[in-house]
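Colleague: What follows is a predicted protein model with its sequence.
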Amino acid sequence: MKARGCLLPGVMLLLSALLLSGCLHSHTKFHGLEPTVEPLQKKKYEVLGGAESQVSNFSFFWVWTVTEEVDFDQAFREMISEKGGDDLINVHTWCNKQHWIVGTITIIHIEATVIRYLEE
């Protein structure tokens, strides 16, 4: 009976550590242009303005993906439709990874300029 009583506080301590765990390490990696960016379709265009987007992913215990995979194309489409444009130029991305006791959070930030092609 005495051994069982000693086990319960240890289990409670472990559960508390997992539930209340802080960020162990966070780092940001800056990228350049993404390879999915294509050459412009036409020479003449008008600039509609800047747009930003974020996509993220969580991996439980760094192995099992809990949320959807990061989808750059979906983020690009949302940025273009938000401004009513046709394409993106000056695309900059950076990745922020946060390592927690229970897993990893990956957040990808995207900034770009939205353009609309003009009739020639």
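Modeller: Received it, and whenever you're ready, just let me know what you need.
Colleague: drop to CA atoms for contacts and neighbour counts, all remaining ones
Modeller: Fine.
Colleague: where in this structure is pLDDT low?
Modeller: Along the chain, segments meeting pLDDT under 70 span 1-10, 12-39, 120.
Colleague: That one: strands as residue ranges?
Modeller: Ranges of strands within the chain are 23-30, 45-60, 64-65, 87-100, 103-117, based on DSSP state E.
Colleague: for the ones you listed, which one ends up most surrounded?
Modeller: Compared across these, strand 103-117 shows the largest average neighbour count, a mean of 20 (mean count of other Cα atoms under 10 Å).
Colleague: that older thread, would you turn the strands of the chain into JSON lines with distance to residue 72?
Modeller: Output for these, formatted as JSON lines (distance: least, Cα to Cα, whole Å):
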{"stretch": "strand 23-30", "distance to residue 72": "15"}
{"stretch": "strand 45-60", "distance to residue 72": "8"}
{"stretch": "strand 64-65", "distance to residue 72": "17"}
{"stretch": "strand 87-100", "distance to residue 72": "10"}
{"stretch": "strand 103-117", "distance to residue 72": "9"}
